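Engineer: Sequence and predicted structure, then a few things I'm wondering about:
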Amino acid sequence: MSDMTELQREIILTARDHPRATQKEIAQMCDCSSSYVSNVLNRYDSVDAFHAELNTMTGIEPIQPTQDMKPPVWLEESEPLVNDEEFDEAVEQGMVILGQSLKRGYKGLKTLIRKVSN
């Protein structure tokens, strides 16, 4: 995410790359305090880790939503089924559900990896 500092990005990527590392070990790898690692990991989730990785890649611009997106050609002449406000609300609710599902899936995968690794 664009509001992340370089250190926050490094912490998230280090935690992702070293799933069995303690917060103290991550802090040592990133040259910061354990409490700061805890704050960062609590603030950001797995979706943010994906964005952090994208932001470290050269030549890749994060996708930014635009207001000038046009409807597909096949919808240009049709009347909308819902108004913009209802549509925006439905999209927002869908994104929340998707984010929660991704977060649960990521946590489940981390748990599974830990069990298999032990």
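Structural biologist: Sure, I can see it.

Engineer: so what does the host helix or strand of Ile26 touch, helix or strand wise?
Structural biologist: In the assignment (DSSP states H and E), Ile26 maps to helix 23-30. Counting contacts by 3 or more CB pairs under 8 Å, 6 or more residues apart in numbering; DSSP states H and E, helix 23-30 is packed against helix 6-17, helix 34-43. C-beta here means a position set from N, CA and C on the backbone, and glycine is covered the same way.

Engineer: what's the angle between that helix and helix 34-43?
Structural biologist: Here the directions of helix 23-30 and helix 34-43 differ by 100 degrees (axes from the mean of the first three to the mean of the last three CA atoms, to 10 degrees).

Engineer: any residues touching helix 23-30, and which ones?
Structural biologist: Around helix 23-30, the neighbours that count as contacts under CB atoms under 8 Å, 6 or more residues apart in numbering are 7, 10-11, 14-15, 18, 21, 33-34, 36-38, 41.

Engineer: Now do it, average pLDDT.
Structural biologist: For helix 23-30, mean pLDDT rounds to 94.

Engineer: list the buried ones in that helix?
Structural biologist: 23, 26-27, 29-30 (16 or more other CB atoms under 10 Å).

Engineer: Same check on stretch 4-12?
Structural biologist: Judged by neighbour count (16+ other CB under 10 Å), stretch 4-12 contains these buried residues: 4, 8-12.

Engineer: Sounds good, over and out.
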